[in-house]
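Chemist: with the sequence up front, the predicted model follows.
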Amino acid sequence: MATTSGYNTISRPHRKLALVIGIGDYESGAILHNTKIDARDMSSKLNSIGFICDGPKLDLTHKDMELALIKFKHSIREGDLVLFYFAGHGTQWEDQNFLIAKDDNNMETINIHNRAILIQKFLDDFNDRHPFATIVLLDCCRVYHLRNPQLVAALARAKNANVPKSTALKQIDGKAGMLIAFACAPGTIANDGTNAKNGLFTKHLLEHIGTPNKDIRMVMAAVTKGVRADSKLEQIPSITVTIWEEYVCLFEQNSGK
């Protein structure tokens, strides 16, 4: 219902849950220096606006990531407002999108499905719990650099080096009730903030995500505007929205408080 403060209130309070993961110390992939700082800062911000935050969980192995996602899935109740944040490496493999765990060193010998986390799978799992809305923030749309030349050659053979394929995260479609935000457009590279405290995308998320009484779609519009301006249009976040609710706010604050 409309109020004199100019925003719509949700008819009943929604429990707010978040899972935050940051991976930087990759065993074979290029080390990312800011992702763990990003995860710590995001956890702190989410806690400050009322989320029950699981994390930050840092430098997880594939097994640990799977367990964290399973545990988080089972903690979701019908009607919860759910947020998942990941900072680290991601990649596309045969038109599917994956998050890369710390122990990526065996990807040349074991199917990637057993070494990385399929994004669509856990999105489906979250959706099956019937949350009020799910917000997915992926600061990981980076080209996946392997340090070991033998792994590079093996991956090239596995992907068929004669067929050009994107090594960044591809656009994915969310089910109803989701907002999925990538740090940059499909097939492009994100600024991971090597010379700054936070990655560019996360920097603007931290600036805007705690804005009181602002719909998440407007928050992401402000984030996108900031990233575009700071990068001089070289990085443009990619956002898919399938939320039908008129008002989804991460931080509601009554006037005068």
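Modeler: On my side now, so go ahead. Numbers count the residues shown, from 1 in each chain.
Chemist: so residue 74 is in which element?
Modeler: Using DSSP states H and E, residue 74 falls within helix 62-75.
Chemist: could you do residue 97 as well?
Modeler: Per DSSP H and E: strand 96-100 holds residue 97.
Chemist: just checking: what are the partner strands of that strand?
Modeler: strand 90-93 (antiparallel), strand 116-118 (antiparallel) (DSSP bridges).
Chemist: out of those strands, the one nearest residue 221 is which?
Modeler: Residue 221 sits nearest to strand 90-93 of all the strands paired with strand 96-100, at 23.0 Å, using Cβ to Cβ. To be clear about C-beta, it is placed using only N, CA and C from the backbone, and glycine gets the same treatment.
Chemist: extract the C-alpha trace of that closest one and format it as CSV.
Modeler: Output in CSV follows, covering the C-alpha atoms of strand 90-93 (Å, rounded to 0.1, in the frame of the first residue of the first chain):
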residue,chain,number,x,y,z
GLY,A,90,33.3,-17.8,-13.6
THR,A,91,33.2,-19.4,-17.0
GLN,A,92,31.0,-20.6,-19.8
TRP,A,93,31.2,-24.2,-20.9
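Chemist: make 53 the starting number, not 1.
Modeler: Done: numbering now begins at 53, and the last item shifts to strand 142-145.
Chemist: how far off centre is it?
Modeler: Chain-centre distance of strand 142-145: 14 Å, with Cα atoms, centre = their mean, to the nearest Å.
Chemist: where exactly do the helices run in the stretch 153-302 of the chain?
Modeler: For the stretch 153-302 of the chain, the helices defined by DSSP state H, counting those that start in this stretch cover 171-179, 201-211, 252-260, 268-282.
Chemist: residue 269 and residue 296 touch, don't they?
Modeler: No: under the criterion of Cβ atoms under 8 Å, residue 269 is not in contact with residue 296, lying 11.8 Å apart.
Chemist: out of those two, which sits in the more crowded spot?
Modeler: Set residue 269 next to residue 296 and count neighbours by other Cβ atoms under 10 Å: residue 269 wins out with 13 against 9.
Chemist: what's near enough to touch that one?
Modeler: Neighbouring residues of residue 269 by Cβ atoms under 8 Å, 6 or more residues apart in numbering: 231, 293, 295, 300.
Chemist: distance of the first one from residue 92?
Modeler: Translated: residue 231. 23 Å (Cβ to Cβ, to the nearest Å).
Chemist: give me the element residue 98 is part of.
Modeler: Using DSSP H and E, residue 98 sits in helix 87-100.
Chemist: buried ones in the helix or strand following that helix?
Modeler: Going down the chain from helix 87-100, the next helix or strand is strand 104-110, by DSSP H and E. By neighbour count with 16 or more other Cβ atoms under 10 Å, strand 104-110 contains the buried residues 105, 106, 107, 108, 109, 110.
Chemist: look up the closest residue to the fourth one, ignoring the ones flanking it.
Modeler: Nearest in space to residue 108, with sequence neighbours left out and distances taken as Cβ to Cβ, 6 or more residues apart in numbering, is residue 91 at 3.8 Å.
Chemist: ok, the one you found to residue 265 distance?
Modeler: Using Cβ to Cβ, residue 91 is found at 26 Å from residue 265.
Chemist: those two: who's more crowded?
Modeler: With neighbours defined as other Cβ under 10 Å, residue 91 and residue 265 compare such that residue 91 has more, 26 against 18.
Chemist: quick check: the more buried one touching residue 136?
Modeler: No: Residue 91 is beyond contact range of residue 136, at 11.8 Å (criterion: Cβ under 8 Å).
Chemist: list the contacts of the residue nearest to residue 179 when sequence neighbours are not counted.
Modeler: Computed as Cβ to Cβ, 6+ apart, the closest residue to residue 179 that is not its neighbour in sequence is residue 227, at 4.7 Å. Residue 227 makes contact with 175, 176, 179, 294 under the criterion Cβ under 8 Å, 6+ apart.
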